[in-house]
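S.K.: Mind looking at a prediction? Sequence and model below.
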Amino acid sequence: MSTRLAALAVLSFALPAAAFAAAPAPSSTLTVKIEGVTKDGGDLRVGVYDEKLFEVRGSKPLYGIITAAKPGEDVIRFPDVAPGTYGVKILQDVNKNGHMDLHFGMFPAEPYGISNDARPSMGPAPWDDAKFDVKSGANAIVIHMHE
């Protein structure tokens, strides 16, 4: 009988510990301040990517927002972003066709911005130049648009 009581006592403490282990990761917010939006109008497409998706052309972001482009400065807030390492890409889609237009198939023809102000070089901007960490709680970055 004492062995059975001891086993019940151990289980009663193990169950609450298991419940805590299964709790979801704390959520975070990511605020992206965008500077230098042009007067050309169109849509502002802001995407948050992980390393796997960042350099894949045409990949869908983990978190994304499409909003009307307003000249000057804009602030986009992503609620409930899981803590981790991310990169942000922004396109001012002037003609609203849903993708970056290119000159000669390789030079951006529309304004864009990348986290850490990373710049593409004969291809997508390198992940190591664009990545940043999102921690629990409030996080903020600033991205400057380039033409």
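M.R.: It's in.
S.K.: list the buried ones in the helix or strand harbouring T85?
M.R.: Element membership for T85, per DSSP states H and E: strand 84-93. Under the neighbour-count criterion of 16 or more other CB atoms under 10 Å, strand 84-93 has 86-93 buried. C-beta here means a position set from N, CA and C on the backbone, and glycine is covered the same way.
S.K.: Excluding sequence neighbours, find me the nearest residue to G41.
M.R.: A69 (5.7 Å; CB to CB, 6 or more residues apart in numbering).
S.K.: And for G42?
M.R.: Here the residue nearest G42, using CB to CB, 6+ apart, is V94, at 3.9 Å.
S.K.: so who does the one you found touch?
M.R.: Listed by CB atoms under 8 Å, 6 or more residues apart in numbering, the contact set of V94 reads 38, 40-42, 69, 110-111.
S.K.: how about a cut-off of 10 Å?
M.R.: V94 makes contacts with 38, 40-43, 69, 101, 109-111, as judged by CB atoms under 10 Å, 6 or more residues apart in numbering.
S.K.: and what of P71?
M.R.: Neighbours of P71 in contact, by CB under 10 Å, 6+ apart: 36-41.
S.K.: same deal with R45?
M.R.: Counted by CB under 10 Å, 6+ apart, R45 has contacts 61, 64-67, 69, 89-93, 96, 98-100, 110, 112.
S.K.: buried subset of the residues you listed?
M.R.: Judged by 16+ other CB under 10 Å, buried ones among the contacts of R45: 61, 65, 69, 89-93, 100, 110, 112.
S.K.: Point to the helix or strand of this protein where mean pLDDT is at its lowest.
M.R.: One helix or strand of the chain scores below all others by mean pLDDT, DSSP states H and E: helix 2-21, with a mean of 39.
S.K.: other SSEs contacting the following helix or strand past that helix?
M.R.: Proceeding N to C from helix 2-21, the next assigned helix or strand is strand 28-37, under DSSP H and E. Where contact means 3 or more CB pairs under 10 Å, 6 or more residues apart in numbering; DSSP states H and E, strand 28-37 is packed against strand 43-49, strand 72-81, strand 84-93, strand 112-114, strand 132-134, strand 137-144.
S.K.: of those, which approaches S121 most closely?
M.R.: strand 112-114 (11.6 Å; CB to CB).
S.K.: Please export the alpha-carbon coordinates of the next helix-or-strand element following the closest one; CSV is fine.
M.R.: Counting by DSSP H and E, the next helix or strand C-terminal to strand 112-114 is helix 127-130. What follows is helix 127-130, C-alpha atoms only, in CSV (Å, rounded to 0.1, in the frame of the first residue of the first chain):
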residue,chain,number,x,y,z
TRP,A,127,20.6,36.3,-44.5
ASP,A,128,23.6,37.1,-42.2
ASP,A,129,23.3,40.8,-43.1
ALA,A,130,19.5,41.0,-42.5
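S.K.: Many thanks, we can stop here.
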